[in-house]
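1. model this:
(one chain, ligands or ions: 1)
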Amino acid sequence: MKHFILLLFLLVAFSLHSQEEFDKNSVKPCGTVSHIDAWLKKYLESPESFPESSDTLWVGMQLHLLAKDDGSGRFGTAQLLDALHRLNLDFAPSNIRFYCKNDWNQINNTGWYQHDSLTQGIAMMFANNVPDLLNAYFVAKAAGNCGYNLPYAGVAMMHGCTGPTDHTWTHEIGHALSIQHPFIGWEGKTYNPNNPTPDTLTYDYTHFHSTPDTIVPSPLDTALVEYVDGSNCGIAADRICDSGPDYLSQRWDCNTQGLSIVEQKDPSGATFRSDGTLFMSYANDNCQTRFTPQQIQIMRARLLTAKAAWLAPAAPEPIITGASTLISPINFAQATAASALLTWSSVPGATHYLVQVSKVSGFGISDFEAIVTDTFALTGQLTPNWNYFWRVRPYNCVSVAPFTANGRFTAKTVHVQSATEAGWRVYPSLLAPGQPVLLEIPEHWTGQAADFRVFDTGGRLMWQQTISLENQRQVLRLPSENWPVGVYNVLCSGKAGVFRQTVVVSE
Ligand SMILES: [Zn+2]
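-> This is a model prediction of the structure:
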């Protein structure tokens, strides 16, 4: 647990708080060259012989968050939660749900973080994959693509294509579950309406074979071009009949019906427009809304057979359905600029809360961000006399709840007394792990109860207890043997006042 908390703190400390806008046209939508592999051929020959189930399929994932060698540039927690939420929304109609089996794996490696070639991506995955899980890597550069899926290894995702309204991750996981581009065979080619449309296309799926051992020589395959009338839909293109023909292998925009602006002609001369609502197309993200029923059947069959090792036997955690509300400070209440105490209501099922404080309502830049397992956080230094926004997002390994409504408070320079100023003696301030803290209590505090809370510098509540101050000398037993070495704030509040004492836990 200690290790986990420390990792989370590092993650927050080094996360990118604002994502740079970049032009998606500068990278390819997807680097995956689809291919009808042996499993899919067998499935398509007799779908009825494959198992079916109406249960929710819980797919375990291992997420890998890459950073540069110095730990900078890693995908932020807020962005990752947005992406997880989007992924599960996109897959909801298929009754497939993705969850994080383990903590996020943090890897510092500049070469992998911004890799230019698939061979680097393959090396990254072979070095870090966790078996029997869907492995997904979040990087700044994914070999010139928004994302790609290596059938024998995992999914790579570019930060810039993993926003709350992007569907690249959904698309790549579609590939990982054996569904193909509707335009299979057209990858790397440009459809030209002035040229006659061929009946067949050959394509090179180097690196995208089912196993890594056939990279050389380059494997070639032939795809039939799909007709508008559906006459060859079961043997042409993606071999799926409810996805329709599509020859567009570069990013394209759709009209208000979700169809391509570009009109295409099949080999017989019949005209059509591609269906941009499909996640597996290269339509812009704002066009995409769905997988087809046949695509969903294939993904579920794949999970129930060849990828059964990824499935959890039951829900690993409940899906969070409730919402949290902010308790304090709200409605422009004043809070201590040096360290504001934030509190909110708990939500059934939530194991973690992401807390953000910002000067701007869009939270593009966070002035404070923390992940906590309780319903309190103590901020770091804020700017006095500023009005701040704050919000909380509850989550667990299977679900991400919505953010709370924004709360507002004014940071004020309120002088919080030190223990000495309050007439106390709290010592020693440098503690060996597990060493008790001695309290000498002034007379006007004795005979009362006082609340003691200890926060780490990331604002997480480490310990709290209400203590009856019966004697003038008492002992505070902090479970500091379980805490990482570092600085902690002890906050004591009672009828007689509030004071703060810093203690350092050393080795
Ligand atoms: Zn793709």
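2. got a list of contacts for whichever strand or helix holds K41?
-> Here K41, judged by DSSP states H and E, is contained in helix 38-45. The contact list for helix 38-45 (C-beta atoms under 8 Å, 6 or more residues apart in numbering) reads I36, F50, S178, Q180, S210, G234, R239, I298, A301, R302, T305, A306. (Each C-beta comes from the backbone N, C-alpha and C, glycine too.)
3. my guess is the fifth one meets L150, correct?
-> No. Counting by C-beta atoms under 8 Å, S210 does not reach L150; the two are 10.2 Å apart.
4. which one of those two has more residues nearby?
-> L150 (23 against 16; other C-beta atoms under 10 Å).
5. For the more buried one, which residues are in contact?
-> So L150 contacts L118, G121, I122, M125, A156, H207, F208, P212 (C-beta under 8 Å, 6+ apart).
6. State the mean pLDDT of the helix or strand hosting the second one.
-> Here G121 is covered by helix 118-128, with elements defined by DSSP H and E. Predicted confidence along helix 118-128 averages 96 (mean pLDDT).
7. Checking the closest residue to L382 other than its chain neighbours next. Helix, strand or coil?
-> In space, and not counting its chain neighbours, L382 is closest to A411: 4.2 Å by C-beta to C-beta, 6 or more residues apart in numbering. Following DSSP: H, G, I helix; E, B strand; the rest coil, the label given to A411 is strand.
8. Tabulate the contacts of L150 in a markdown table, adding columns for distance to A377 and neighbour count.
-> Converted to a markdown table, the contacts of L150 look like this (distance: C-beta to C-beta, whole Å; neighbours: other C-beta atoms under 10 Å):
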| residue | distance to A377 | neighbour count |
| --- | --- | --- |
| L118 | 42 | 20 |
| G121 | 37 | 25 |
| I122 | 41 | 20 |
| M125 | 36 | 21 |
| A156 | 33 | 32 |
| H207 | 45 | 24 |
| F208 | 45 | 23 |
| P212 | 45 | 14 |
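9. biggest separation within those, which pair?
-> A156 and P212 (14.8 Å; C-beta to C-beta).
10. Start from the N-terminal end of the stretch 101-250 of the chain and give the helices.
-> 110-113, 118-128, 168-176 (DSSP state H, counting those that start in this stretch).
11. Give me whichever of those helices is most buried.
-> Mean neighbour count (mean count of other C-beta atoms under 10 Å) peaks for helix 168-176 among the helices of the stretch 101-250 of the chain, with a mean of 25.
12. Tabulate the CA atom coordinates of that helix in CSV.
-> Extracted as CSV, the C-alpha positions of helix 168-176 are listed here (Å, rounded to 0.1, in the frame of the first residue of the first chain):
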residue,chain,number,x,y,z
THR,A,168,-9.0,5.6,-31.1
TRP,A,169,-8.6,3.4,-28.0
THR,A,170,-12.0,1.8,-28.8
HIS,A,171,-10.9,1.2,-32.4
GLU,A,172,-7.6,-0.4,-31.4
ILE,A,173,-9.2,-2.7,-28.9
GLY,A,174,-11.7,-3.6,-31.7
HIS,A,175,-8.6,-4.8,-33.6
ALA,A,176,-7.3,-6.6,-30.5
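13. which strands and helices sit next to it?
-> In terms of contacts (3 or more C-beta pairs under 8 Å, 6 or more residues apart in numbering; DSSP states H and E), helix 168-176 is packed against helix 77-91, strand 134-139, strand 147-149, strand 155-158.
14. quick one, what contacts the residue nearest to L382?
-> Q334, A335, T336, A337, A340, L382, T383, P384, N385, W386, N387, Y388.
15. Going by neighbour count, which of those residues comes out on top?
-> The residue in the contacts of A411 with the most neighbours, by other C-beta under 10 Å, is A340 (27 neighbours).
16. For the closest residue to that residue other than its chain neighbours, report the pLDDT, please.
-> Closest residue to A340 apart from its sequence neighbours, by C-beta to C-beta, 6+ apart: T379 at 4.6 Å. Looking at T379, its pLDDT stands at 91.
17. do the same with S15
-> So S15 comes in at 40 (pLDDT).
18. Can we start the residue count at 40 from this point?
-> Understood, numbering begins at 40; the last thing we discussed is S54.
19. got the contact list for stretch 225-243?
-> Contacts for stretch 225-243 (C-beta under 8 Å, 6+ apart): 72-73, 220, 223-224, 257-264, 286-289, 301-306.
20. From one end of it to the other, what's the distance?
-> Terminal residues of stretch 225-243 lie 10 Å apart, using C-alpha to C-alpha, to the nearest Å.
21. list the buried ones in it?
-> W225, E226, Y230, T236, L240, Y242 (16 or more other C-beta atoms under 10 Å).
22. show me the contacts for the residue most central in space within the chain.
-> Centrality entry for the chain: nearest residue to the mean C-alpha point is L119, 2.4 Å, by C-alpha atoms, centre = their mean. Contact analysis of L119 by C-beta under 8 Å, 6+ apart lists L102, L104, W143, F177.
23. Where does confidence bottom out across these?
-> Out of the contacts of L119, that is W143, at 94.
24. Find the closest residue to the ion in this protein.
-> C69 (3.1 Å; C-beta to the ion).
25. pretty sure that residue is touching T207, no?
-> Yes. Applying C-beta under 8 Å, one finds C69 in contact with T207, separated by 7.0 Å.
26. and for those two, which residues touch both?
-> In contact with both C69 and T207: C185, G186, using C-beta under 8 Å, 6+ apart.
27. ok, back up a step: just the buried residues of the helix holding K80, please?
-> Buried residues in helix 77-84, defined by neighbour count with 16+ other C-beta under 10 Å: W78, L79, Y82.
28. Just give me the closest of those to Q511.
-> W78 (75.6 Å).
29. quick revisit: can you name the two of the contacts of A450 that are farthest apart?
-> Maximum distance among the contacts of A450 (C-beta to C-beta): 14.7 Å, for T375 and N426.
30. confidence score at the closest residue to V178 other than its chain neighbours?
-> With sequence-adjacent residues excluded and distances taken as C-beta to C-beta, 6+ apart, V178 is closest to L105, at 4.7 Å. On pLDDT, L105 comes in at 98.
31. Which residues does L105 form beta bridges with?
-> I146 (DSSP bridges).
32. Domain map for the chain?
-> Following automatic domain parsing, the chain resolves into domains at 70-215, 220-329, 365-451, 456-544.
33. so which of those comes closest to P352?
-> domain 70-215 (8.2 Å).
34. returning to that earlier point: now tabulate the helices and strands packed on helix 207-215 in a markdown table and tack on distance to the ion.
-> Formatted as a markdown table, the helices and strands packed on helix 207-215 follow (distance: least, C-beta to the ion, whole Å):
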| stretch | distance to the ion |
| --- | --- |
| helix 116-130 | 14 |
| strand 173-178 | 15 |
| strand 186-188 | 7 |
| strand 194-197 | 11 |
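35. Out of these, which gets nearest to L350?
-> strand 173-178 (10.3 Å).
36. so what secondary structure elements neighbour that closest one?
-> Counting by 3+ C-beta pairs under 8 Å, 6+ apart, strand 173-178 packs on strand 96-106, helix 149-152, helix 157-167, strand 194-197, helix 207-215.
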